[in-house]
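J.: Pasted the sequence and its predicted model underneath.
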Amino acid sequence: MASQSLSRYRIPPEILGIAAIAITIPGLYFLSKATIASPTTPTTFTLPPTKPTHQSREHRALKTFHALLDAYATRSPSHLCTFFSPSFRHIILPSSLNLPSRTLDEFQPHAHQIFSLFSDFTLIPQPADSPHPAVHYCASTNTVVAHCKMGGKVNGEGEMGGKLMGDGILEWWNEGVWFVEMEEEGEGEWNEEKEGKGKGDAPGGRGGLLRVKEIREFVDSKKAAELKVRLQGVLERTTENGEKSKAR
């Protein structure tokens, strides 16, 4: 009796064939998708070109700042001035010192006067013994801010240095906070093809450096006033001689 009821519901072969195809097709589909996504198939992604970020500009600004420190160590005013923009300004603070701000043309004889006081000169970010000295970057103003110690061995062969050495001073140091504002060369245009090209790191040869637009030195006013007193008379003569040389 049971066998007769089963034979009554036997599925025809045509239906079984259709069902087998319906089950197989989805499996083949997913198998083909898995094959396409397999690790053996190479996949290439092309990213669109990007404009410079604050990080890239920060890197270039810090690179420029450290190159500037090296330029000061050469004690060459002409080399130092190659880092500056045509509209460069140099300002010494606090204002109680009553020192004038200087343009690019006015800065070069000033630098010559200062460098003549030393046989070697260095600018050292502080603290010197720290792997992370106080050198910071402000993206909104494109400015590097650094606490620096500056000075070196006195040049006894010069008139100003000879006066200090006569007082038993063999080295002279001051310290201050430097605000070094940068600007892009070519009115801020970003030219990736120029990046890293040129002669060395001097701005004239690019090397990825920015131009220095302004330097503000907030110095130890007590030490600055002391140096002015110690060099009284000599300082005025060297300034006058520098102005006469410039007039020629």
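T.: Nice, thanks for sending it over. Residues are numbered from 1 along each chain as shown.
J.: lowest average confidence, helix or strand, in the protein?
T.: When each helix and strand of the chain is scored by mean pLDDT, DSSP states H and E, helix 2-8 comes last, with a mean of 50.
J.: Quick check: pLDDT value at Asn98.
T.: We note a pLDDT of 91 for Asn98 in this prediction.
J.: The one 4 residues further on too?
T.: The confidence metric pLDDT takes the value 97 at Arg102.
J.: likewise His110?
T.: His110 carries a pLDDT value of 94.
J.: Ok, Thr122 next?
T.: The model reports Thr122 with a pLDDT of 97.
J.: Wait, it touches Gly152, no?
T.: Yes: using C-beta atoms under 8 Å, Thr122 is in contact with Gly152, at 5.5 Å. C-beta here means a position set from N, CA and C on the backbone, and glycine is covered the same way.
J.: Check which element follows the top strand by length along the chain along the chain.
T.: The residue-count maximum for a strand in the chain (DSSP state E) belongs to strand 171-183. Sequence-wise, the next helix or strand downstream of strand 171-183 (DSSP states H and E) is strand 211-219.
J.: which residues are contacting the helix or strand following that next one?
T.: Toward the C-terminus, strand 211-219 is succeeded by helix 221-230 as the next helix or strand (DSSP H and E). The contact list for helix 221-230 (C-beta atoms under 8 Å, 6 or more residues apart in numbering) reads 92, 94, 96-97, 163-164, 167, 169, 172-175, 235.
J.: which stretches of the chain have low pLDDT?
T.: Residue ranges of the chain with pLDDT under 70: 1-55, 186-206, 236-248.
J.: So which residues of it form strands?
T.: Under DSSP E, the chain gives strands at 84-93, 102-103, 122-125, 135-138, 143-153, 171-183, 211-219.
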